[in-house]
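*Asks:* Coordinates for the following, if possible.
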Amino acid sequence: MRGLRSVLRRRAATLTATLAAVLVAGALSGTSVSQAATSQPCDLYAAGGTPCVAAHSTTRALYGAYNGALYQVRRASDNATRDIGVLGAGGYANAAAQDSFCAGTSCVITVVYDQTGRNNRLTQAPPGGFNGPAAGGYDKLANATMAPVSLNGNRAYGVFVSPGTGYRNNATNGIATGDRPEGMYALFDGTHYNDGCCFDYGNAETNSRDNGNGTMEAVYFGNSRGWGSGAGNGPWVMADLENGLFSGINPGNNANDPTVNHRFLTAIVKGESNHWAIRGGNAQSGGLSTYYNGVRPNASGYNPMKKEGAIILGIGGDNSNSSAGTFYEGVMTTGYPSDATENAVQANIVAAGYTPGSGGGTALNTGSTISLRATTACCTTSFLSHSGTSVATAVVTSTSAATDKANASWIVRPGLANSACRSFESKNTPGSYLRHQNFQLYLHPNDGSVLFANDATFCSQAGVNGQGNSLVSYNFADRYIRHYANTGYVASNGGSNPFDATALWPDDVSWVVAAPWTP
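*Replies:* Numbers count the residues shown, from 1 in each chain. Got it, this is the predicted structure:
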């Protein structure tokens with residue numbers, strides 16, 4: 001036994017030294033707009049003996065030599081598609097290519113490519129145990145501009161999942177099945193979550209249905225308490241193993257799994273025969289912590305595991321699609337990665353320099369008062385206004401009544417659902433906010449509910465038509481504040497409702513941020 005321990009110590013030391021050498025070599029190469037570190041996460045996993053079998057990112061290459069497409073976008077104006085690649089081998093996303101292609105219209109992310117060469121790409125999730133809201137019961141696709149981010153000063157976009165959005169691949173190559181070992185990490189926005197089921201990334205059923213305990217193994221992030229929970233109020237990193245979100249050995253609460261809400265969060269789940277672990281950390285600084293490391297849950301059906309090998313993003317294994325979250329990058333491996341390998345990957349992620357990005361347009365400073373002027377040719381003297389609970393556009397001039405001026409003035413507040421976005425409080429009706437209900441805009445008093453907070457939160461982007469700002473619904477990320485026939489809506493760029501009409505959509509959803517009529 002003593003000899004075996006000595007061998008194991010030597011092997012661990014050799015692996016740690018190898019990983020350190022790989023990481024240092026990458027650091028010495030430097031980073032630039034076109035060239036990132038020569039060793040990226042999948043190089044580190046390969047050096048650790050647990051190579052990637054799926055590698056997804058819309059922000060950067062996950063191999064030092066990768067020089068292909070990261071993802072594909074489709075624009076609404078003509079349904080044309082464009083692959084978005086990297087600025088150079090091993091580098092960051094070419095966000096300028098997306099910005100140019102999507103100018104003057106809206107875009108969705110149609111494909112997240114697999115960088116391993118196994119073609120484990122993610123596309124629009126089909127219906128399963130639950131249907132999605134898109135045609136044919138499919139899930140929605142993510143708005144391509146809703147999650148701007150910066151990596152060492154390089155602009156990129158994540159995958160913003162609002163309820164009803166999901167991606168999947170049910171015909172994969174090399175993903176673990178049965179009780180075979182695997183690892184996975186995902187980089188999430190730790191401030192974007194909900195209690196819906198289930199914001200997952202990882203291994204799921206191949207028929208989009210609940211096939212019983214142990215048929216999944218995916219990393220989950222959110223504050224759902226329906227199956228399991230950790231310390232505090234959440235959100236938590238947990239494992240979705242089907243018919244259970246597990247935070248440790250117990251089906252239910254495990255106090256060692258902490259609440260974590262880093263703006264950029266590294267979340268890890270890995271499993272092998274009767275053994276699994278949860279790890280996590282701040283993706284901007286520091287190392288990883290282990291939240292659980294032990295035997296499979298003490299409930300029937302999880303040992304041995306019966307994993308099926310599909311890949312999901314933003315949904316549960318049965319296409320449960322009421323979750324929310326933002327994904328930037330993630331991988332799945334064959335074999336059970338060592339902590340040393342994952343620690344090296346975490347250092348690589350920190351070195352990537354993730355910071356929040358700007359959606360563009362005029363800064364909406366919290367506490368300021370503004371008015372929002374329409375940019376459509378018909379209506380450039382009209383402002384977003386309210387009368388009672390109704391929200392519409394109204395012509396306001398210097399000679400307008402004081403009440404009309406006040407009705408068209410809004411106090412910018414941190415987003416009630418997410419402070420990175422914005423909410424708009426009426427200047428002359430304190431405590432009442434602009435919100436949508438059944439896709440129409442209203443002014444309602446804040447009732448303190450989660451639903452109200454979501455309905456009253458909007459994320460600002462550069463104006464679609466090149467003027468001012470566009471304001472996107474936080475919980476319906478394909479819908480923008482629009483005026484149509486003088487009434488305010490949250491409208492998609494094409495759809496079944498009259499106010500979703502594509503004609504004039506870019507102009508109708510673009511607003512000049514003007515000085516307030518009532519300061």
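
*Asks:* Leaving out chain neighbours, which residue sits closest to the residue nearest to the spatial centre of the chain?
*Replies:* Geometric centre of the chain, nearest residue: residue 326, 1.2 Å, by C-alpha atoms, centre = their mean. Spatially, and ignoring its direct neighbours in sequence, residue 326 is nearest to residue 189 (3.7 Å; C-beta to C-beta, 6 or more residues apart in numbering). In short, each C-beta sits where N, CA and C put it, glycine included.

*Asks:* In terms of helices and strands, where is the nearest residue to residue 244 once chain neighbours are set aside?
*Replies:* Nearest residue to residue 244, sequence neighbours excluded (C-beta to C-beta, 6+ apart): residue 227, at 4.7 Å. Assigning secondary structure by DSSP states H and E places residue 227 outside every helix and strand.

*Asks:* how close does residue 71 sit to residue 352?
*Replies:* Going from residue 71 to residue 352 by C-beta to C-beta, to the nearest Å gives 17 Å.

*Asks:* now residue 321
*Replies:* For residue 321, the distance to residue 352 - C-beta to C-beta - is 29 Å.

*Asks:* neighbour-wise, which of these two wins?
*Replies:* Neighbours were counted for residue 321 and for residue 352 using other C-beta atoms under 10 Å; residue 321 has more, 27 against 24.

*Asks:* that's a strand at the more buried one, yeah?
*Replies:* No - under DSSP: H, G, I helix; E, B strand; the rest coil, residue 321 falls outside any strand and is assigned coil.

*Asks:* Assign the residue nearest to the centre of the chain to helix, strand or coil.
*Replies:* What three-state DSSP gives for residue 326 is strand.

*Asks:* my guess is it meets residue 143, correct?
*Replies:* No - Residue 326 is beyond contact range of residue 143, at 11.1 Å (criterion: C-beta atoms under 8 Å).

*Asks:* what residues do these two have in common as contacts?
*Replies:* With contacts defined as C-beta atoms under 8 Å, 6 or more residues apart in numbering, the residues shared by residue 326 and residue 143 are residue 160.

*Asks:* right, and residue 500 touches residue 490 too?
*Replies:* No - using C-beta under 8 Å as the test, residue 500 is too far from residue 490 to be in contact (9.9 Å).

*Asks:* out of these two, which sits in the more crowded spot?
*Replies:* residue 490 (26 against 19).

*Asks:* what sits opposite the more buried one in the beta ladder?
*Replies:* With beta bridges defined as DSSP bridges, residue 490 has these partners: residue 481.

*Asks:* And residue 290, by the same measure?
*Replies:* For residue 290, the beta-bridge partners are residue 279 (DSSP bridges).

*Asks:* who touches stretch 387-398?
*Replies:* Here stretch 387-398 makes contact (C-beta under 8 Å, 6+ apart) with 371, 374, 379, 381-386, 404-405, 407-408, 434, 440-444, 483, 486-488, 517.

*Asks:* Those, buried ones only, as a ChimeraX selection?
*Replies:* A single ChimeraX command is used to select the members of those judged buried by 16 or more other C-beta atoms under 10 Å:
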select :371,374,379,382,383,384,385,386,404,405,407,408,434,440,441,442,443,444,483,488,517
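
*Asks:* where along the stretch 1-150 of the chain do the helices fall?
*Replies:* Ranges of helices in the stretch 1-150 of the chain, per DSSP state H, counting those that start in this stretch, are 2-29, 41-47, 95-102.

*Asks:* What about the residue nearest to residue 326, how many residues nearby?
*Replies:* Counted with other C-beta under 10 Å, residues neighbouring residue 189 total 27.

*Asks:* and if you look at the one 5 residues further on?
*Replies:* For residue 194, the number of neighbouring residues by other C-beta under 10 Å comes to 21.

*Asks:* can you check residue 495 too?
*Replies:* 14.

*Asks:* Local confidence estimate at it?
*Replies:* For residue 495, the model assigns a pLDDT of 94.

*Asks:* which phi and psi does it have?
*Replies:* Main-chain dihedrals, residue 495, degrees, to the nearest 10: phi 170, psi -170.

*Asks:* Mind exporting the C-alpha coordinates of stretch 125-143 to CSV?
*Replies:* In CSV, the C-alpha atoms belonging to stretch 125-143 read as follows (Å, rounded to 0.1, in the frame of the first residue of the first chain):
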residue,chain,number,x,y,z
ALA,A,125,-34.5,22.1,-28.8
PRO,A,126,-37.4,20.0,-30.1
PRO,A,127,-40.6,19.3,-28.2
GLY,A,128,-40.5,16.4,-25.6
GLY,A,129,-42.2,15.9,-22.3
PHE,A,130,-42.9,19.6,-22.5
ASN,A,131,-43.5,21.7,-25.7
GLY,A,132,-41.8,25.0,-26.4
PRO,A,133,-43.5,28.2,-27.5
ALA,A,134,-42.0,28.2,-31.0
ALA,A,135,-43.6,26.6,-34.1
GLY,A,136,-44.0,22.9,-33.9
GLY,A,137,-43.5,22.9,-30.1
TYR,A,138,-39.8,23.8,-30.4
ASP,A,139,-38.2,26.0,-27.9
LYS,A,140,-37.3,29.6,-28.7
LEU,A,141,-33.8,30.6,-29.9
ALA,A,142,-31.8,33.2,-27.9
ASN,A,143,-31.6,36.8,-28.8
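
*Asks:* how far does that stretch sit from the chain's center?
*Replies:* A distance of 17 Å separates the centroid of the chain from that of stretch 125-143, by C-alpha atoms, centre = their mean, to the nearest Å.

*Asks:* so what's the nearest residue to residue 304 once chain neighbours are set aside up against?
*Replies:* Ranked by C-beta to C-beta, 6+ apart and with sequence neighbours excluded, the top spatial neighbour of residue 304 is residue 179, at 3.9 Å. Counting by C-beta under 8 Å, 6+ apart, residue 179 touches 272, 273, 304, 305, 306, 307.

*Asks:* Was I right to think the fifth one contacts residue 217?
*Replies:* It stands for residue 306. No - in this structure, residue 306 is not within contact of residue 217 by C-beta under 8 Å, at 9.8 Å.

*Asks:* one step back: quick one, what contacts the residue nearest to the centre of the chain?
*Replies:* Going by C-beta under 8 Å, 6+ apart, residue 326 touches 147, 158, 159, 160, 161, 188, 189, 192.

*Asks:* Mind listing the residues bridging to it?
*Replies:* Residues in beta-bridge contact with residue 326 (DSSP bridges): residue 160.

*Asks:* Same check on residue 84?
*Replies:* If you apply DSSP bridges, the partners that residue 84 bridges to are residue 71.

*Asks:* and residue 306 and residue 217? which has more neighbours close in?
*Replies:* residue 217 (29 against 19).

*Asks:* Tell me the spacing between the closest residue to the more buried one other than its chain neighbours and residue 383.
*Replies:* Counting by C-beta to C-beta, 6+ apart, the nearest residue to residue 217 once its immediate chain neighbours are dropped is residue 203, at 4.5 Å. Distance, residue 203 to residue 383, using C-beta to C-beta: 51 Å.

*Asks:* Alright, I will stop here.
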